[in-house]
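1. no sequence on this one, just coordinates:
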């Protein structure tokens, strides 16, 4: 994955400034609790991997974070390396807007774990302030994606790599 990329916070922040009035409700509007069955099934599909129990613990912590009660914001909904174009180590474009909608801004924080290193993730959080509950939900959305990619990507090695990287990043910071 890419440890650098200085622009994701600016891109995520810019999307949040667009007026959400009339925008479609995000597929993720019901929050992490609505994803529990999907995530636990994917954990089961992973089998006996060394990170199984830590992943279950991380998922439970993310689920326990308070739900979003602020105004909805626009979100891409699927920010991971396969949907980001990079030129000379800098973000140059975003593709696949199939999950675009309005809802909890934590969903787009997943990029902090799907793409960034620990150091870059700290810089991302500093550049795009959010409360601890939103950050924890973002970690949960990343884990949701990571576990599903790791469990169900036998025919897509790139997504398998994204999944394993994301799980590692979620579990280490």
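-> Structure's in. What do you need? All values derive from a computational prediction rather than experimental measurement.

2. rest of the way, CA atoms for contacts and neighbours
-> Fine.

3. mind checking the SS state of the spatially most central residue of the chain?
-> For the chain, residue 110 is the residue whose C-alpha lies nearest the centre (C-alpha atoms, centre = their mean; 1.8 Å). Secondary structure assignment for residue 110 (DSSP: H, G, I helix; E, B strand; the rest coil): helix.

4. Do I have it right that it meets residue 136?
-> No - Residue 110 lies out of contact with residue 136 (C-alpha atoms under 8 Å); the separation is 9.9 Å.

5. Which parts of the chain are helices?
-> With helices called from DSSP state H, the chain shows them at 8-16, 36-46, 52-64, 111-114, 118-127, 132-152, 157-172.

6. of the ones you listed, which approaches residue 103 most closely?
-> Across the helices of the chain, residue 103 has its closest neighbour in helix 8-16 (10.2 Å, C-alpha to C-alpha).

7. Quickly, which of the helices of the chain bottoms out on average pLDDT?
-> Comparing mean pLDDT across the helices of the chain, the weakest is helix 8-16, with a mean of 73.

8. Leaving out chain neighbours, which residue sits closest to residue 140?
-> Distances taken as C-alpha to C-alpha, 6 or more residues apart in numbering put residue 62 closest to residue 140, at 4.8 Å, once the chain neighbours are dropped.
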